[in-house]
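J.: need a structure here:
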Amino acid sequence: MFLAVVGLAVALLHFYLWKRLVKDTTRSARGRRIGTVVLVALAVLVVATLALPRRVGVEAAAWFVWPGYIWLGLFFYLFTLLAVLELPRLALRGWARGKPLEATATTTEVEPPAPVVDESRRLFLARGAAVVVGVASTGIVGAGMVSALGPPQVKRVAVPIARLSPGFAGFRIALVSDIHLGPLLGRAHTERLVRMINETRPDAVAMVGDLADGTVAELGRAAEPLRDLVSTEGTFFVTGNHEYYSGHQEWITELDRLGLNYLRNEHAAITRGTASVTLAGITDLAGKTFDDAPDLGRALAGRDQDSPVVLLSHQPVQVRDAARARVDLQLSGHTHGGQIYPFHHLVQLGQPAVSGLSKVDDTWLYVTNGAGFWGPPVRVGAPPDITVIELTPAPR
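T.: Presented below is the predicted three-dimensional model:
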């Protein structure tokens with residue numbers, strides 16, 4: 001059923017592209033046949049890219065998902081820009097029609113003049129639109145690939161915490177999320193992230209989900225460099241939705257082997273002298289399907305009530321529960337910052353924040369864009385990042 005739905009949607013959308021980029025722009029039957037064959041092949045490639053990687057395995061899928069996802073990104077912008085140009089196309093329909101035929105008289109009536117399409121004008125409009133859309137889409141996707149595949153930005157954000165002891169002033173948490181190891185991102189991606197995080201000299205490292213899109217057997221070697229993360233207090237992680245699609249229990253065991261600390265609806269107290277900060281973590285909402293639902297009450301049970309709370313939660317939407325529980329700061333990912341403009345508008349429908357620092361009641365929420373990508377290796381308007389969160393005492 002999934003393949004049928006995906007195949008139908010891909011076919012309909014590619015038919016629109018065929019109409020605008022092949023049928024409307026070609027005169028010769030040969031040119032039209034070539035364009036048709038190319039678009040059919042690309043449509044099949046998209047279906048294979050979306051449906052087959054988990055069936056054939058990460059390594060076997062690499063050779064076709066690279067061109068498949070690149071085309072999917074290009075296809076999205078071709079389709080979007082062509083749709084935007086439909087209004088000016090309608091406005092210019094009158095111009096594309098040449099002079100009407102002379103009215104012909106008969107013994108009984110006079111027929112109205114019939115509109116005639118000027119073929120040269122029609123082709124000029126169709127080809128002009130195709131060239132503009134093609135150049136723009138290629139430029140956007142090319143720049144987006146440079147952003148997605150390049151090194152993430154290192155952001156530094158200071159967050160004032162009301163109950164923070166002076167002894168924790170300047171405490172730095174390196175936040176990373178949505179690494180998305182898979183057919184397109186491997187060990188070299190992890191090694192670069194580890195190097196960049198270590199260069200920030202953090203007091204603690206927080207990984208807030210979506211490490212991999214594949215099993216430990218397929219991607220365990222790509223994740224191994226995580227054992228080299230260095231910080232004063234260690235590395236803490238929580239699950240994201242993609243862990244549950246990739247064998248979450250195996251990944252939890254593997255990350256524990258690599259020396260990372262899993263916060264499964266629990267907390268850890270970080271102390272300096274008599275002062276402390278509570279670092280809590282909850283499972284992702286997708287865990288409900290796997291008998292691993294988030295439980296904030298359990299995560300905070302038994303904590304020091306005078307200690308400020310920093311909560312690791314993959315999805316920003318869980319901040320509403322955090323605010324009711326008087327959490328001081330929630331660190332999240334999941335949104336990718338929208339990843340590909342204008343998807344951030346859709347993300348806003350389901351999440352209270354897409355990227356950056358915001359506040360819900362008395363609880364701060366910080367959402368990272370993530371360090372990887374999902375789907376097309378493209379980021380437009382949402383560059384990847386690693387964020388160093390610096391805790392500072394709030395002014396009284």
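J.: which SSE is immediately downstream of the helix or strand containing Ala280?
T.: Ala280 is located in strand 275-281, with elements delineated by DSSP states H and E. Beyond strand 275-281 on the C-terminal side, the first helix or strand identified by DSSP H and E is helix 296-300.
J.: tell me the mean pLDDT over the strand holding Ala280?
T.: Mean pLDDT, computed over strand 275-281, is 96.
J.: also stretch 213-228?
T.: Mean predicted lDDT for stretch 213-228 stands at 96.
J.: pull out the buried positions in that stretch.
T.: Asp213, Gly214, Thr215, Val216, Glu218, Leu219, Gly220, Ala222, Ala223, Glu224, Pro225, Leu226 (16 or more other CB atoms under 10 Å). In this view, the C-beta of every residue, glycine as well, is placed from N, C-alpha and C.
J.: ok, the third one - contacts?
T.: What that stands for is Thr215. Going by CB atoms under 8 Å, 6 or more residues apart in numbering, Thr215 touches Ser246, Gly247, Glu250.
J.: need those in TSV (columns: neighbour count and secondary structure).
T.: Shown next, in TSV, are these (neighbours: other CB atoms under 10 Å; DSSP: H, G, I helix; E, B strand; the rest coil):
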residue	neighbour count	secondary structure
Ser246	22	coil
Gly247	17	coil
Glu250	14	helix
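J.: just the element for the residue lying closest to Pro202 once chain neighbours are set aside, please.
T.: Excluding the flanking residues, the one nearest Pro202 by CB to CB, 6 or more residues apart in numbering is Ala174, at 3.8 Å. Ala174 is part of strand 171-176 when elements are defined by DSSP H and E.
J.: contact partners of whichever helix or strand comes after that strand?
T.: Going down the chain from strand 171-176, the next helix or strand is helix 187-199, by DSSP H and E. Applying CB under 8 Å, 6+ apart, the contact partners of helix 187-199 are 151-152, 154, 174, 176, 179, 181, 205, 221-226, 228-230, 371-372, 386.
J.: let's go with 7 Å and repeat that
T.: 151, 154, 174, 176, 179, 181, 205, 221-223, 225-226, 228-230, 371-372, 386 (CB atoms under 7 Å, 6 or more residues apart in numbering).
J.: likewise stretch 73-82?
T.: With contact meaning CB under 7 Å, 6+ apart, stretch 73-82 is reached by 13, 16-17, 20, 133, 136-138, 140-141, 144, 340, 376, 378.
J.: pull out the buried residues from these.
T.: Leu13, Leu17, Arg20, Val133, Ser137, Ile140, Val141, Gly144, Ile340, Pro376, Val378.
J.: dump those to CSV, plus pLDDT and distance to Val47.
T.: CSV is the format used below for those (pLDDT from 0 to 100; distance: CB to CB, whole Å):
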residue, pLDDT, distance to Val47
Leu13, 94, 12
Leu17, 96, 15
Arg20, 94, 21
Val133, 96, 23
Ser137, 97, 21
Ile140, 97, 24
Val141, 98, 20
Gly144, 98, 23
Ile340, 96, 20
Pro376, 96, 15
Val378, 97, 19
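J.: now, which of those residues lie within helices?
T.: Leu13, Leu17, Val133, Ser137, Ile140, Val141, Gly144 (DSSP state H).
J.: which of those lies closest to Ile70?
T.: Ile70 lies nearest to Val141 out of those, by CB to CB, at 7.3 Å.
J.: I'd say His242 and Leu219 touch.
T.: No: His242 is beyond contact range of Leu219, at 11.4 Å (criterion: CB atoms under 7 Å).
J.: mind listing the shared neighbours of those two?
T.: In contact with both His242 and Leu219: Ala212, using CB under 7 Å, 6+ apart.
J.: Pro202: how many residues sit nearby?
T.: 24 (other CB atoms under 10 Å).
J.: tell me the secondary structure of it, please.
T.: Secondary structure for Pro202, judged by DSSP: H, G, I helix; E, B strand; the rest coil, is coil.
J.: does it touch Phe171 like I think?
T.: No: judged on CB under 7 Å, Pro202 makes no contact with Phe171 at a distance of 9.2 Å.
J.: tell me the phi and psi of Lys155?
T.: Lys155 adopts backbone torsions of phi -100, psi 150, taken as degrees, to the nearest 10.
J.: residue contacts, it?
T.: So Lys155 contacts Asp385, Thr387 (CB under 7 Å, 6+ apart).
J.: show me the contacts for the residue nearest to Pro202.
T.: Ile197, Thr200, Pro202, Val205, Ser231, Ile386, Val388.
J.: quick one: the helices in the chain?
T.: Going by DSSP H, the chain shows helices at 2-18, 29-51, 53-56, 58-84, 86-91, 93-96, 119-149, 187-199, 216-223, 241-244, 248-257, 296-300, 319-324, 344-350.
J.: pLDDT value on Ala114, please?
T.: pLDDT at Ala114 comes out at 55.
J.: sorry, back to before: which of the contacts of Ala174 sit farthest apart?
T.: Maximum distance among the contacts of Ala174 (CB to CB): 12.9 Å, for Ser231 and Ile386.
J.: same drill for those two, tell me which one is more crowded.
T.: A direct count of neighbours by other CB under 10 Å for Ser231 and Ile386 places Ile386 higher, at 24 against 19.
J.: ok, the more buried one touching Gly370?
T.: No: counting by CB under 7 Å, Ile386 stays clear of Gly370, with 9.5 Å between them.
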